[in-house]
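In: Pasting a predicted model and its sequence here:
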Amino acid sequence: MSKPVICIGAALVDELFHATSELLLSTTTDATVTKTTGGVSRNIAQQLALFNVPVQLITAVGDDSDGDWLKQSCSKAGVKLDATITRKGLSGKYTGILNVDGSLHTAFLTNAANHLITPEHLAKNIDLLKTASYLLGDANINVDTAEWLLAFSKETGIPFVIEPVSVPPAKKFRDVNLDGLHLITPNEDELPVLCTEKSFLTQLQIEELLNRGIQNIWLHNGQHGSALYNREKSITLHAPSINVVDCTGAGDGSLSGYILGKYLGKEDIDCLKLAHTLSAEILQVNGAIATHLTQEKLLGLVPKYYPAV
């Protein structure tokens, strides 16, 4: 049996309010609303499972109807929940306010229970963790949990990836020893808060993270594309030109595509092409998951966005 990707972090209910006219402060704006399953780690886990990659999700949900819905959606997609926690009370919720063009205006996070994913809980499930091909944690988890996972990664040789999520959770890792971390995936807003103030230029920030022992930094620059940096090389790739419908989950999808590429044994540049292709497909639909794609269809779409020269 193939080794699973194990995702550790948030599973949330996403409520997205998409403005149908320009957002104005202190007044009413017409909008459409959608309710979907979400959370960074959950999104990545579900997307990978839909591509027939074995996945385990370690998260925490409430014992309410939303929690049941979250668990059912994971199970239906093929995501295993052997070490997931169900607590008494409400499940976490992400409420996003989207501009007319689908870009994020602001968002709110409520009732998140990621603090329950403790080093002690992970230690109880260490036999499961030892089966992983990759460990992926989103920055909603506690710092001590991330530190435990990094130590476990260094001990076992299983690559550990951190997805910063957004500026507030990313800030927690500014002063954390990340030596040996396989990959971190900030965007242009998250990168500066991971670094000291003296690193005020992008290249200085990349150098600081490499000097702190992070093996790979994958910097996302939205519509301009992304760049992967390590000690041996840097690779840049432009983003496809598309009409954006909804930006929710595009970053999660990008990382799903990259991990899929690694799982399939592809080179870094081909992993980036898969990542950008999946992200482009997600940006053109409502919701955070490309449910219309199989692994075969995704692989077949890469030449559409990145024709052979």
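Out: Structure received.
In: Could you name the helices and strands sitting against the helix or strand containing residue 218?
Out: Using DSSP states H and E, residue 218 sits in strand 217-220. Strand 217-220 is packed against strand 183-184, helix 202-211, strand 226-229, helix 250-263, with contacts defined by 3 or more C-beta pairs under 8 Å, 6 or more residues apart in numbering; DSSP states H and E. To be clear about C-beta, it is placed using only N, CA and C from the backbone, and glycine gets the same treatment.
In: try 7 Å this time
Out: helix 202-211, strand 226-229 (3 or more C-beta pairs under 7 Å, 6 or more residues apart in numbering; DSSP states H and E).
In: Out of the ones you listed, which one sits most buried?
Out: Ranked by mean neighbour count, the helices and strands packed on strand 217-220 are led by strand 226-229 with a mean of 20 (mean count of other C-beta atoms under 10 Å).
In: what's that strand in contact with?
Out: For strand 226-229, contacts defined as C-beta atoms under 7 Å, 6 or more residues apart in numbering pick out 206, 210, 216-220, 234-237, 268, 272.
In: rerun at 6 Å
Out: 206, 217-220, 234-236, 268 (C-beta atoms under 6 Å, 6 or more residues apart in numbering).
In: just stretch 73-93 next, same as before
Out: Residues contacting stretch 73-93 (C-beta under 6 Å, 6+ apart): 12-13, 37, 45-46, 49-50, 55-64, 66-67, 110-113, 116, 125, 128.
In: repeat for stretch 162-178
Out: Residues contacting stretch 162-178 (C-beta under 6 Å, 6+ apart): 40, 137-140, 143, 184-186, 189-190, 193-194, 212, 214, 255.
In: can I get the contacts of strand 226-229 in JSON lines with pLDDT?
Out: Shown next, in JSON lines, are the contacts of strand 226-229 (pLDDT from 0 to 100):
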{"residue": "206", "pLDDT": "97"}
{"residue": "217", "pLDDT": "98"}
{"residue": "218", "pLDDT": "98"}
{"residue": "219", "pLDDT": "98"}
{"residue": "220", "pLDDT": "96"}
{"residue": "234", "pLDDT": "97"}
{"residue": "235", "pLDDT": "97"}
{"residue": "236", "pLDDT": "97"}
{"residue": "268", "pLDDT": "97"}
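In: Kindly reformat those residues as JSON lines and extend each row with distance to residue 132.
Out: JSON lines is the format used below for the contacts of strand 226-229 (distance: C-beta to C-beta, whole Å):
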{"residue": "206", "distance to residue 132": "27"}
{"residue": "217", "distance to residue 132": "22"}
{"residue": "218", "distance to residue 132": "20"}
{"residue": "219", "distance to residue 132": "25"}
{"residue": "220", "distance to residue 132": "24"}
{"residue": "234", "distance to residue 132": "28"}
{"residue": "235", "distance to residue 132": "25"}
{"residue": "236", "distance to residue 132": "30"}
{"residue": "268", "distance to residue 132": "21"}
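In: and these, which are buried?
Out: With burial judged by 16 or more other C-beta atoms under 10 Å, the buried subset of these is 206, 217-220, 268.
In: where's the strand holding residue 218 relative to the chain centroid, distance-wise?
Out: 12 Å (C-alpha atoms, centre = their mean, to the nearest Å).
In: Surely residue 249 touches residue 43?
Out: Yes. If you go by C-beta atoms under 6 Å, residue 249 and residue 43 touch, sitting 5.3 Å apart.
In: Surely residue 181 forms part of a helix?
Out: No. The assignment for residue 181, made by DSSP: H, G, I helix; E, B strand; the rest coil, is coil rather than a helix.
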